[in-house]
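>>> After the sequence you'll find the predicted model.
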Amino acid sequence: MRIDSLRLARSILIAVGVLGIALGAVVLVMKQDLPAIVSVALWMLGAIILHDAVISPIVFVIGVLARRAGRRISTGVLAIVQGAIVVGCLLMLLIVPEIYAKTLGTANDTVLPFDYAARLGFLWLGMIVLTAIVVVLYLRLSRPRAAQSA
Amino acid sequence: MRRLLLTLQHAVAAPSRNPRLAVVIGRLLGLAFLVCFATGLYSHFLQEPLPWMRFPTQPVQLYQVTQGIHITAGIACFPLILAKLYTVFPNLFETPPITGIGSLLERASIAVFVGASLVEITIGLLNTYQFYPWPFGFREVHFALSFVIIGSLAVHIGVKLPIIATYWRKRSGYGPELAFDAEERAEINAPLVDVLPAAVQRVPGARQASGLTGRLFRWIDETPRERLPEQTAKQTAEQTAEQTAEQPAEQTAEQPSAATSPSRRAFLLTTAAGVAAVVVLSAGQSFAALRPFNLFAPRAKGIGPQAVPVNRTAAAAQVTDTAVSPDWALTLTNGPTSMTFSRAQLLALPQTTVDLPISCVEGWSQMATWTGVRLADLVKQVASSGSPALRITSLEKEGGYRVTQMGSEYVGDPTTLVALNLNGETLDIDHGYPARMIAPGRPGVLQTKWLSSLEVM
């Protein structure tokens, strides 16, 4: 019974999904010409390559380095620092295109009104301070517990 | 060599990559995608309604909220999708990549899913500050890809359903029939999605990584745990109190335990921090409560002429002459009947003041106080019965929104105005002087500026 309903659900999901993909393809073909469609495909390919061949290996190497450092630093502190770096890089990923787009000029002064490069700098400073505070708090809170369990 | 591989395996295993985590992150990402899809469709049909469609005009902030959620959820997709890809990262290196027609289709659908999702959120983000470094139409592609993504999501869920069903619930502490046994817990704490424990391999749909990668991971897994050189060196060195203190934590991390492992908790916390950071630091462009935290959004509330941001300036719309011409008049027609109103004549009519937001498709919004003539009253002068739909034309020389249509539900709404003043001052030319439309719950592009004519349809 459960296996049957599972199989039914899978069939429906996959069928609906294939229809959705086909609908998207039809809409794309209807609304865009061939060069535009080719460039969409190239962008999709580029996104996959960028993620799989650039971002992933960088994250992997950071992971290896952090893991090696982890032989000397407590895992908790390492996790906090790693987390902060990840969040900082994530924000940088979103802010850097804004900095670039602003250099090209915007439609008017209300688009990209801030100095995003300065804000990114302050953000990193803030992240460093915040991370230091969290690490200190973590060490203070975890030390008594570790001492008890030792 | 084995030591190197062991180190590498430790590295990739850092925040446990396992099916349960893939399900946890996948649920959130799937939800974000569905929210974006629903709010996106709403926005699409507001702009291109099918003939039978009618939309709610109240609450007046409806579109402000739906589109604010659309953009904010889209931004939240960045950390979520990266986290999701991270949990299934080793799947990338599976060799041989294709084992048959089924696996070919699955891999192809995943590639389409990932590629379309990454492109969709990227072009969506760049569109919020009108940056278009691509040779295709944004709106058309963003719309078409949304169906591809939701379709691939359904296929993906269909393919992975057995795994999703198995790991949907945490199942701990809710009674013996729901709790995982030791074997299942070990499976959940398994470091890599590819290296599926025997019991998980029996679940339909689960698949052991095959070929070289599979053998490689299995071989690393079978390697007995040994002290890495650094660790041995560290132990021979004098041990500080801190190093002693870290010991229990390390042990917990390395042994599969009943509780959530520290690395998995750290991964989830990092993902949560990432989502919180991008949302809190950007959603202030859409939601007034978060305005003080607006650090990097492409728009800011309160910045612009008369404290309202602008999308299209008078210069861009090429109306700097026509809008200030003394000959300007608003033409109102219904078949053969036609009337014209100068700005002075409009100001002489009964004035209404309303608080309505300008809510842009790009996600930013701004509440403002508008004063002008109630549209329904104006239309009554040429159409005696009911509230008809209108065709609205702007002075602007060109652009997709020079001529738009307004459904009867908006024409009849008492808060819809031909606005003449904004925040207590004469409408700025960049906000549509001499007169503009302002209606509740509509996208900003349909709040026609520099009105030229209104035609009953």
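Arrived safely, thanks for sending.
>>> doesn't B:I150 make contact with B:L34?
Yes. Assessed by CB atoms under 8 Å, B:L34 is found in contact with B:I150 at 7.5 Å. C-beta here means a position set from N, CA and C on the backbone, and glycine is covered the same way.
>>> Compare these two (neighbour count), which wins?
A side-by-side neighbour count of B:L34 and B:I150, using other CB atoms under 10 Å in any protein chain shown, places B:I150 first with 24 against 13.
>>> check which helix or strand covers that one.
Assessed by DSSP states H and E, B:I150 sits inside helix B:138-167.
>>> Let me see the mean pLDDT of that helix.
For helix B:138-167, mean pLDDT rounds to 92.
>>> repeat for stretch B:380-397
Rounded mean pLDDT across stretch B:380-397 is 87.
>>> Ok, stretch B:33-43 next?
Here the average pLDDT along stretch B:33-43 is 96.
>>> Buried residues, it. List them.
B:F33, B:V35, B:C36, B:F37, B:T39, B:G40, B:Y42, B:S43 (16 or more other CB atoms under 10 Å in any protein chain shown).
>>> near chain A at all, it?
No. Contact of stretch B:33-43 with chain A (CB under 8 Å from any CB of the partner chain) is absent, the minimum separation being 9.9 Å.
>>> Just list the residues touching the nearest residue to B:A329 once chain neighbours are set aside, thanks.
Residue nearest to B:A329 in three dimensions, not counting chain neighbours: B:T340, with 4.2 Å by CB to CB, 6 or more residues apart in numbering or on different chains. Residues near B:T340 by CB atoms under 8 Å, 6 or more residues apart in numbering or on different chains: B:A329, B:L330, B:T331, B:L332.
>>> got the contact list for B:M367?
So B:M367 contacts B:A288, B:D355, B:L356, B:P357 (CB under 8 Å, 6+ apart).
>>> Which of those residues sits closest to chain A?
Chain A lies nearest to B:P357 out of these, by CB to the nearest CB, at 15.4 Å.
>>> buried stuff in the longest strand anywhere in chain B?
As assigned by DSSP state E, the longest strand anywhere in chain B is strand B:365-374. Across strand B:365-374, burial judged by 16+ other CB under 10 Å covers B:S365, B:Q366, B:A368, B:W370, B:T371, B:G372, B:V373, B:R374.
>>> same question, stretch B:287-301
In stretch B:287-301, counting by 16+ other CB under 10 Å, buried: B:F287, B:L290, B:N294, B:L295, B:F296, B:A297, B:P298, B:R299, B:A300, B:K301.
>>> what about the fourth one, distance to A:W124?
Right, B:L295. Plainly put, B:L295 is 12 Å away from A:W124 if you go by CB to CB, to the nearest Å.
>>> Please, where are all the helices along chain A?
A:2-31, A:34-49, A:56-69, A:75-103, A:116-149 (DSSP state H).
>>> Of those, which shows the lowest average pLDDT?
Ranked on mean pLDDT, the bottom entry among these is helix A:56-69, at a mean of 71.
>>> that older thread, of all the helices of chain A, which lies closest to B:Q351?
B:Q351 lies closest to helix A:75-103 among the helices of chain A, at 39.8 Å (CB to CB).
>>> other SSEs contacting that closest one?
Here helix A:75-103 touches helix A:56-69, helix A:116-149, helix B:62-87, helix B:101-127, helix B:241-254, helix B:262-280, going by 3 or more CB pairs under 8 Å, 6 or more residues apart in numbering or on different chains; DSSP states H and E.
>>> if we can go back for a sec, filter the contacts of B:M367 down to the buried ones.
Buried among the contacts of B:M367 (16+ other CB under 10 Å): B:L356, B:P357.
>>> Save the contacts of B:M367 as a markdown table, and put in secondary structure, pLDDT and distance to B:A76 too.
Formatted as a markdown table, the contacts of B:M367 follow (DSSP: H, G, I helix; E, B strand; the rest coil; pLDDT from 0 to 100; distance: CB to CB, whole Å):
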| residue | secondary structure | pLDDT | distance to B:A76 |
| --- | --- | --- | --- |
| B:A288 | helix | 90 | 19 |
| B:D355 | strand | 95 | 29 |
| B:L356 | strand | 94 | 27 |
| B:P357 | strand | 94 | 22 |
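>>> OK, contacts around B:K301?
Counted by CB under 8 Å, 6+ apart, B:K301 has contacts B:G284, B:Q285, B:A288, B:R291, B:N294, B:P309, B:W364, B:S365, B:Q366.
>>> what's the closest non-adjacent residue to the first one?
Spatial nearest neighbour of B:G284, chain neighbours left out: B:N294 (2.9 Å); criterion: CB to CB, 6+ apart.
>>> do the same with the third one
Excluding the flanking residues, the one nearest B:A288 by CB to CB, 6+ apart is B:K301, at 6.7 Å.
>>> Right, and chain B sits closest to which residue of chain A?
A:G20 (2.4 Å).
>>> Which residues are in contact with that residue?
Here A:G20 is in contact with B:F147, B:V148, B:I150, B:G151, B:S152, B:A154 (CB under 8 Å, 6+ apart).
>>> out of the residues you listed, which touch chain A?
B:F147, B:V148, B:I150, B:G151, B:S152, B:A154.
>>> now the residues you listed: which count as buried?
Buried, going by 16+ other CB under 10 Å: B:F147, B:V148, B:I150, B:G151, B:S152, B:A154, out of the ones next to chain A among the contacts of A:G20.
>>> For the residue nearest to B:G284, list the residues it contacts.
B:L281, B:S282, B:A283, B:G284, B:Q285, B:A300, B:K301.
>>> Just want the phi and psi numbers for it.
phi -70, psi 100 (degrees, to the nearest 10).
>>> How many neighbouring residues does residue 58 have?
All of this is about chain A. The burial count for A:I58: 10, using other CB under 10 Å.
>>> ah, no, chain B please
For B:Q58, the count of nearby residues is 11 (other CB under 10 Å).
>>> and B:M437, which of the helices and strands packed on helix A:75-103 is closest to it?
helix B:62-87 (14.3 Å).
>>> Tell me what angle that closest one forms with helix B:101-127.
130 degrees (axes from the mean of the first three to the mean of the last three CA atoms, to 10 degrees).
>>> Helix B:62-87 packs against which elements?
helix A:75-103, helix B:19-47, helix B:101-127, helix B:262-280, strand B:352-359, strand B:365-374.
>>> Pick out the residue of the stretch 101-250 of chain B closest to chain A.
Counting by CB to the nearest CB, the stretch 101-250 of chain B gets nearest chain A through B:G151, at 2.4 Å.
>>> Quickly list the domain ranges of chain B.
Per automatic domain parsing, the structural domains of chain B span B:2-237+B:260-279, B:306-456.
>>> picking up where we left off before, now render the buried residues of stretch B:33-43 as a markdown table, adding distance to B:A439.
Shown next, in a markdown table, are the buried residues of stretch B:33-43 (distance: CB to CB, whole Å):
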| residue | distance to B:A439 |
| --- | --- |
| B:F33 | 30 |
| B:V35 | 25 |
| B:C36 | 25 |
| B:F37 | 25 |
| B:T39 | 19 |
| B:G40 | 21 |
| B:Y42 | 16 |
| B:S43 | 15 |
